[in-house]
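Undergrad: 3D, please:
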Amino acid sequence: MFIEAVIFGIAIFIGWMILDLVREKSFRKESIYQSFITGIAAALGWIVLELIF
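TA: Alright, predicted model coming up:
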């Protein structure tokens with residue numbers, strides 16, 4: 001259950017970074033932090049959904 005959530009969070013982080021790279025053509029600290037926070041939120045959401053269902 002938690003391994004799936006971690007993998008999902010990493011996938012969201014990488015996907016968000018790719019979208020930022022395509023849009024802005026560079027990496028910034030701010031976009032890396034935003035991607036990291038989004039990945040954590042996605043992983044936590046996955047865990048909550050696993051606990052509910």
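
Undergrad: In space, what's closest to residue 8 - neighbours in sequence excluded?
TA: Beyond its immediate neighbours in the sequence, the residue positioned closest to residue 8 (C-beta to C-beta, 6 or more residues apart in numbering) is residue 46, lying 4.8 Å away. For every residue, glycine as well, the C-beta is placed using N, CA and C.

Undergrad: As a check, name the ranges of all helices in this structure.
TA: Along the chain, the segments classed as helices by DSSP state H run 2-24, 29-52.

Undergrad: Run the chain-centre distance for the first one.
TA: For helix 2-24, the gap between its own C-alpha mean and the chain's C-alpha mean amounts to 4 Å (C-alpha atoms, centre = their mean, to the nearest Å).

Undergrad: Give me the residues contacting that helix.
TA: Defining contact as C-beta atoms under 8 Å, 6 or more residues apart in numbering, one finds that helix 2-24 is touched by 27-28, 31-32, 34-36, 38-40, 42-44, 46-47, 50.
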